[in-house]
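Colleague: Predicted structure and sequence below. I'll ask about it afterward.
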2 protein chains.
Amino acid sequence: MLMHCLTVRFADSASPAQIDAFRSALAALPDQIDTIVATRQGSDLGERATNAHFALVSEFADVDDFRAYLEHPAHRAVPRDGVESFQSVQFVVDK
Amino acid sequence: MLMHCLTVRFADSASPAQIDAFRSALAALPDQIDTIVATRQGSDLGERATNAHFALVSEFADVDDFRAYLEHPAHRAVPRDGVESFQSVQFVVDK
């Protein structure tokens, strides 16, 4: 199983509508991209001042399925106007 | 359920021993901190040039359990010498 872990910072100038469009588009991807095994996402709770604003954790069967996800038109179409920066990691786990 | 999502960059100067000490200490935490429901962690596969080096995804029953984790001596003792930067997000999911 491949885990895709994404942390995102939104720009100070990002509008609520831009942030919502980004989150909604990501949330819709499992219905559009069948290589996604599972996805969980959400906004930061504010527990640590250094935290980013949003995270997504998705699971894929393997690297090929993750690459198909990256290239998929629906993933490419996710509106990123409000995103200032992001940091991702993909790693393999046994289950 | 609270998801704790952490992405980590190691310093260029970090030694393999420092990186391994960090990863091993994190991997040992579930046996030392009983508020951790589940943890998955791993090194980045190198799929994206902008990626960080390592990620950890942990689950907690609620915010109080996550706070107990942060304050726990074993968590505080994780050796972070090789860590250049990290970015974390905690968010709530239904299950």
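Modeller: Perfect, I can see it now.
Colleague: Please, where are all the strands along chain A?
Modeller: A:2-10, A:36-43, A:54-60, A:83-92 (DSSP state E).
Colleague: Paired strands for the shortest one, with orientation please.
Modeller: It refers to strand A:54-60. Paired neighbours of strand A:54-60 in the sheet (DSSP bridges): strand A:2-10 (antiparallel), strand A:36-43 (antiparallel).
Colleague: what about the nearest residue to A:A21 once chain neighbours are set aside, distance to A:E59?
Modeller: Of all residues not flanking A:A21 in the chain, A:P79 sits nearest, at 4.7 Å (CB to CB, 6 or more residues apart in numbering or on different chains). The way it works is simple: take the backbone N, C-alpha and C, and place the C-beta from them, glycine included. Look at A:P79 and A:E59: by CB to CB, to the nearest Å, they are 24 Å apart.
Colleague: how about JSON lines for the strands of chain A, with mean neighbour count, mean pLDDT and distance to A:A27 added?
Modeller: What follows is the strands of chain A, written out as JSON lines (neighbours: other CB atoms under 10 Å in any protein chain shown; pLDDT from 0 to 100; distance: least, CB to CB, whole Å):
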{"stretch": "strand A:2-10", "mean neighbour count": "23", "mean pLDDT": "97", "distance to A:A27": "13"}
{"stretch": "strand A:36-43", "mean neighbour count": "17", "mean pLDDT": "97", "distance to A:A27": "6"}
{"stretch": "strand A:54-60", "mean neighbour count": "23", "mean pLDDT": "98", "distance to A:A27": "9"}
{"stretch": "strand A:83-92", "mean neighbour count": "19", "mean pLDDT": "96", "distance to A:A27": "15"}
